[in-house]
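**Student:** Need a 3D model of the following:
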Amino acid sequence: MPHYVVVEGEGDARAVPNLLSRVGHQLGLYAVWKPPLRINVQRPSDAQKVADLTRGRADAQGLLVLRDDEDGCPRDDGPEIASWFQALSLPFPVACVLFYREYETIFLPVIEDLAGRPLTVAGVERRGLNADAAFSGDPESRRDAKGVLTANMPPGRSYKETTDQLAMTQLVDIPRLLASGLPCVETLERALRFLLTPGAGAGRVFPLDR
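**Tutor:** Residues are numbered from 1 along each chain as shown. Next up is the predicted model:
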């Protein structure tokens, strides 16, 4: 039975299924993911909208809510968002994960995997990051990961979320990403284990329930 996933933007809707299937495979956790629903969950009314769209779907086995958290604190914001879903008592488990500060943050600790490699978009190769692309420091300390990617591209080339996000995700070495120690990736791993391990249970919500 499938799991549902909620994302923010068009680029996320394209890239997230690839990320989830590959991370799940690496962890030995397998799921069928429905095409993402695009809802930016910023307030309880957004959580209600998600609940209205998913509650009546008899095939729903679980729900993963993904969102960027550029200027907040995932340690506080994650449980707050989870509490909105907990109050809705959905008939399947829910996990909430925040990419701090944005989805593209996950590319920074493994940027060498992407360096010098073309990006394949709709079967067509286009130039990606420079061969000497590099990043040092804490990836989550940078608010503009997209800007870092653009700065590591050839002159005149800039990062485009709707075309590059999936292509870069496909190039990421998943074992290296999981070993990078990036907190949002570690949270994603825990969330997938929560959702995809048998016995999660209806009405349970990560990270409030572990």
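
**Student:** so who does the closest residue to residue 1 other than its chain neighbours touch?
**Tutor:** Once flanking residues are discounted, residue 1 sits nearest to residue 61: 4.1 Å by CB to CB, 6 or more residues apart in numbering. Where you see a C-beta, it was placed from the backbone N, CA and C, and this is true even at glycine. Residue 61 is in contact with 1-3, 31, 92, counting by CB atoms under 8 Å, 6 or more residues apart in numbering.

**Student:** Please apply the same query to residue 100.
**Tutor:** Contacts of residue 100 by CB under 8 Å, 6+ apart are 68-70, 72, 74, 140, 183-184.

**Student:** Of those residues, just the buried ones, PyMOL syntax please.
**Tutor:** The PyMOL selection below is limited to those of the contacts of residue 100 classed as buried (16 or more other CB atoms under 10 Å):
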select buried, resi 68+69+74+140+183+184
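
**Student:** Check which residues of stretch 176-194 are buried.
**Tutor:** Within stretch 176-194, the residues scored as buried using 16+ other CB under 10 Å are 177-178, 180, 182-185, 187-189, 191-194.

**Student:** Please list the members of these that lie in helices.
**Tutor:** Counted as lying in helices by DSSP state H, out of the buried residues of stretch 176-194, are 177-178, 183-185, 187-189, 191-194.

**Student:** quick check, nearest of those residues to residue 7?
**Tutor:** Lowest distance from residue 7 to those (CB to CB) belongs to residue 188, with 12.7 Å.

**Student:** Before we move on, what's the pLDDT of that closest one?
**Tutor:** Per-residue pLDDT puts residue 188 at 98.

**Student:** Help me confirm that it comes into contact with residue 97.
**Tutor:** Yes. Here residue 188 reaches residue 97: they are 5.1 Å apart, a contact under CB atoms under 8 Å.

**Student:** Going by secondary structure, the residue of the chain positioned farthest from its centre is in what exactly?
**Tutor:** What lies farthest from the middle of the chain is residue 155; by CA atoms, centre = their mean that is 28.7 Å. Residue 155 is part of no helix or strand, with elements assigned from DSSP states H and E.

**Student:** Off-centre distance for stretch 122-134?
**Tutor:** Stretch 122-134 sits 21 Å away from the centroid of its parent chain (CA atoms, centre = their mean, to the nearest Å).

**Student:** tell me the mean pLDDT for that stretch?
**Tutor:** So the average pLDDT for stretch 122-134 ends up being 93.

**Student:** And the contacts of it?
**Tutor:** The contact list for stretch 122-134 (CB under 8 Å, 6+ apart) reads 111-112, 114-120, 149, 152-154, 157, 163-164, 167-168, 171.

**Student:** Okay, now that stretch: how far is its last residue from its first?
**Tutor:** Counting by CA to CA, to the nearest Å, you get 26 Å between the two ends of stretch 122-134.

**Student:** Pull out the buried positions in that stretch.
**Tutor:** Buried residues in stretch 122-134 (16+ other CB under 10 Å): 128-130, 133.

**Student:** The longest helix along the chain - contacts with which helices or strands?
**Tutor:** Ranked by number of residues, the top helix in the chain under DSSP H is helix 10-27. In this structure, helix 10-27 packs against strand 2-7, strand 32-33, strand 37-38, strand 62-68, helix 161-171, helix 174-178, helix 183-196, with contacts taken as 3 or more CB pairs under 8 Å, 6 or more residues apart in numbering; DSSP states H and E.
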